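Participant: I'd like to go over a predicted model; first the sequence, then the structure.
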Amino acid sequence: MALVPGPYRPYTSMGLPTYTNHGPLSQPERLKIVYINDTHEKYRAFPGLVSAFHHFQSQAAQEGRDVLKVAAGDWNISNEPQQLELNILLRNLMQLDFTTLGNHEFDGGTHMLGIALKKANFKTIATNLIMTPNSEMYKRYLEQKVITGPAVFRAPSGTTYGVVGLAIPNVKRLLNPDAVVDGNGTLPLKESIARLEQDIAYLEGSGINKIILVSHAGYDVDKKIARNVAGIDVIVGGHSHTELKGIVPDVNYFRSKRGEPVMVVQTGKDAHALGVLDVSWDPYGRVYPTKNHLYNPLLMFPPDPTANALIDRYLGPQKPMGWITEDVSTENARSGGENIVANQVADAIWSTTHADIGLLRGTELRSDLYKGAFTDRDLKTLLPFNDNIAVFQMTGADLNAVLDESARCMKAHEGHPGMVHPSRNLRYAVDLAVGKTISAQYFNPKTHQWEPLDPQKKYTVATGDFIAKNEVEYPVFKQVPIVQHLPFKIRDAFGWYIQSLGGRPPVFPLDGRIQAINQQESQPEWGSRQPLANQNVSATPPWNAFASAHGYSTLQTSLKKESPRSLAVSA
């Protein structure tokens, strides 16, 4: 069946669909936009976010401003219905008016998303949404919880604002193939822009010239829209995790092709900030931003007790697993080089599976570590994805191709697909000038020497199995055999490692396993040192105890002695 866009319904029997927020009357033409994006289930910050939204709602009333509260996608990051429902209920507490869809809202499939949206008190707006008749998403459309055209937001002052939405274009390219979308999705970028222009034409034709776009297309696309699509005044964006502070010409303040000002805002990622934009319009509908500030919800607002209680009710009490002695960042893990948390997780994959090498995609890490107790909730926030570990059989030439792709991502600072982080027995050096790997060495456990990767030799490589399913990231993994599918996840391996420390805090050393250099100026500074020993990796990994209890063969036996065909394990 051919995919078609969702029904285009800018009008109802009463004209454009109109939504009203509630609060004291304010003067017209002056609006406070309170916004978030890419919060990624960072529950630690959500009680503060709820308080912040309530604070700025009250502040707008005191200042005589209208207020519009929006979220620009990726409020979700897991494929579990309980957490998806919790995320929606938390947004109800924030009293959001509109949100759009990011790629992670689709992680659990559109059936799960559509059912969860039954409980939403806000409108989900996305002009480029594809829906199939009788799907749960289509049912939410019929209930006007999902909007596929423009909407009019009428403030208590009587001022009307146009709101349009742009979900992540062509979302299928970013999805885990296991996500069941039932023919639903989003249009490619070109068609999405065409629908957006149609929305704006309807609004302007109805006499509405104050228009806000809620977008999850990313900063680069939002800049192009600001410059090339006339009629938009403000773009609240997401997806690229770009932190846009203040009002800076040609950074977040542009001119449209009609010469009209356009403001672009975004808070970054992971609920590190909530944004507040104050704007005014002149009689001709030209917008004038006066303030754009970012606020840290953890540091600046008291936690909302209702939000805390809701999180505990859905997730249960937090269970301590270990202790962290200092804040540790994962900010550079996607493309910025060696990362101390990524090192530990890659080592945990390797030591738990007893494969020759462990690899971690930088995109797996979705949170920093914070000083204090490390709980099961922190573990899931750090490693939220549910892909299991798989063991691949790869030649040295295959591994070099993977490392070259990682080097290209480092040079281009690409978050997708992002770089790979190896376990401590593999090291590689990247020439950032050209984005190529110039040296890759494996520590031979028999000779206790570092050796160049042998292009003909076969190695067992353990990593998350998503990399074999995704259509665009690291294609070499789709061309090599999987010798074992394991019934546990990357976060299980890291959780076992943390627990194995018996309450002692992990140490996070940088050992130089990834070096970014300019080949013309320097060479890798490796020497002949052996890999740094992990603090407490048991000779018998937790998997073996699990395997023995459930009738599976242990990995030491299976990876060393059995033929590849006999290694398949079902969860």
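Facilitator: Okay, I see it.

Participant: my guess is residue 466 meets residue 386, correct?
Facilitator: No: the pair residue 466 / residue 386 is not scored as a contact, 9.1 Å apart, by Cβ atoms under 8 Å. Heads up, the C-betas are built off the backbone N, CA and C, glycines and all.

Participant: residue 416 and residue 473, how far apart?
Facilitator: 7 Å (Cβ to Cβ, to the nearest Å).

Participant: more neighbours, those two?
Facilitator: Neighbour totals were compared for residue 416 and residue 473, and residue 473 leads with 20 against 16 (other Cβ atoms under 10 Å).

Participant: state the three-state secondary structure for the more buried one.
Facilitator: The three-state assignment at residue 473 reads coil, by DSSP: H, G, I helix; E, B strand; the rest coil.

Participant: dump the residue contacts of the residue nearest to it when sequence neighbours are not counted.
Facilitator: Counting by Cβ to Cβ, 6 or more residues apart in numbering, residue 417 is the residue found nearest to residue 473 once chain neighbours are left out, at 3.5 Å. Residue 417 makes contact with 361, 363, 405, 409, 470, 472, 473, 474, according to Cβ atoms under 8 Å, 6 or more residues apart in numbering.

Participant: pLDDT wise, what is the third one at?
Facilitator: Residue 405 is assigned a pLDDT of 95 by the prediction.

Participant: quick one: it and residue 159, what's the gap?
Facilitator: Distance from residue 405 to residue 159, by Cβ to Cβ: 51 Å.

Participant: higher neighbour count, the two?
Facilitator: Using other Cβ under 10 Å as the criterion, residue 405 and residue 159 rank with residue 405 on top: 21 against 17.

Participant: residues contacting residue 236?
Facilitator: Counting by Cβ under 8 Å, 6+ apart, residue 236 touches 33, 35, 37, 70, 72, 212, 213, 214, 215, 265, 266, 275.

Participant: try residue 518
Facilitator: Residues in contact with residue 518 (Cβ under 8 Å, 6+ apart) are 431, 432, 433.

Participant: ChimeraX command for the buried members of those?
Facilitator: A single ChimeraX command is used to select the members of the contacts of residue 518 judged buried by 16 or more other Cβ atoms under 10 Å:
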select :431
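
Participant: for the contacts of residue 518, which one is nearest residue 453?
Facilitator: Taking Cβ to Cβ as the measure, residue 453 lies nearest residue 431 of the contacts of residue 518, at 16.6 Å.

Participant: from residue 404, how far out is the closest one?
Facilitator: Note on residue 431: its distance to residue 404, by Cβ to Cβ, is 11 Å.

Participant: could you do residue 326 as well?
Facilitator: To residue 404, residue 326 is 34 Å away according to Cβ to Cβ.

Participant: between those two, tell me which one has more neighbours.
Facilitator: Set residue 326 next to residue 404 and count neighbours by other Cβ under 10 Å: residue 404 wins out with 17 against 10.

Participant: could you verify that the more buried one is part of a helix?
Facilitator: Yes: with three-state DSSP as the criterion, residue 404 is assigned to a helix.

Participant: which strand or helix spans the closest residue to it other than its chain neighbours?
Facilitator: The shortest distance from residue 404 to any non-neighbouring residue, by Cβ to Cβ, 6+ apart, is to residue 437 (5.2 Å). Assigned by DSSP states H and E, residue 437 falls within strand 436-444.

Participant: how about stretch 151-168: buried residues?
Facilitator: Residues 151-153, 155, 157, 159-168 are the ones in stretch 151-168 that count as buried (16+ other Cβ under 10 Å).

Participant: could you do stretch 513-520 as well?
Facilitator: 513, 514, 515, 516, 517, 519.

Participant: quick check, the third one in contact with residue 432.
Facilitator: In this case it means residue 515. No: here residue 515 lies out of contact with residue 432, judged by Cβ under 8 Å, at a distance of 10.2 Å.

Participant: what sits against the closest residue to residue 405 other than its chain neighbours?
Facilitator: Distances taken as Cβ to Cβ, 6+ apart place residue 474 nearest to residue 405, at 5.8 Å, with adjacent residues excluded. Neighbouring residues of residue 474 by Cβ under 8 Å, 6+ apart: 361, 402, 405, 417, 420, 467.

Participant: list the contacts of the helix or strand hosting residue 203.
Facilitator: Following DSSP H and E, one finds residue 203 within helix 189-205. Outside of helix 189-205, the residues that reach it under the criterion Cβ under 8 Å, 6+ apart are 5, 8, 10, 16, 127-128, 149-150, 152, 162, 164, 166, 169-170, 186-187, 209, 211, 213, 217, 221, 225, 229-232.

Participant: those residues, buried ones only, as a PyMOL selection?
Facilitator: Only the buried entries of these go into this PyMOL selection, using 16+ other Cβ under 10 Å:
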select buried, resi 5+10+16+127+128+149+150+152+162+164+166+169+170+186+187+209+211+213+217+221+225+229+231+232
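
Participant: of the contacts of helix 189-205, which belong to helices?
Facilitator: 221, 225 (DSSP state H).

Participant: so which of the contacts of helix 189-205 are in strands?
Facilitator: Residues of the contacts of helix 189-205 located in strands (DSSP state E): 152, 162, 164, 166, 186, 211, 213.

Participant: right, and the pair among those with maximum separation?
Facilitator: 152 and 186 (23.1 Å).

Participant: over to the residue of the chain most remote from its centre: give its phi and psi.
Facilitator: Distance from the centre of the chain peaks at residue 447, with 41.8 Å (Cα atoms, centre = their mean). Backbone torsions for residue 447, taken as degrees, to the nearest 10, come to phi -90, psi -10.

Participant: residue contacts, it?
Facilitator: By Cβ under 8 Å, 6+ apart, residue 447 lies in contact with nothing.

Participant: what distance do you get for it to residue 513?
Facilitator: With Cβ to Cβ as the criterion, residue 447 and residue 513 are 19 Å apart.

Participant: repeat for residue 505
Facilitator: According to Cβ to Cβ, residue 505 stands 21 Å off from residue 513.

Participant: what do you get for residue 128?
Facilitator: Residue 128 is 42 Å from residue 513, by Cβ to Cβ.

Participant: same question, residue 491
Facilitator: 21 Å.

Participant: do residue 245 as well
Facilitator: Counting by Cβ to Cβ, the gap from residue 245 to residue 513 is 34 Å.
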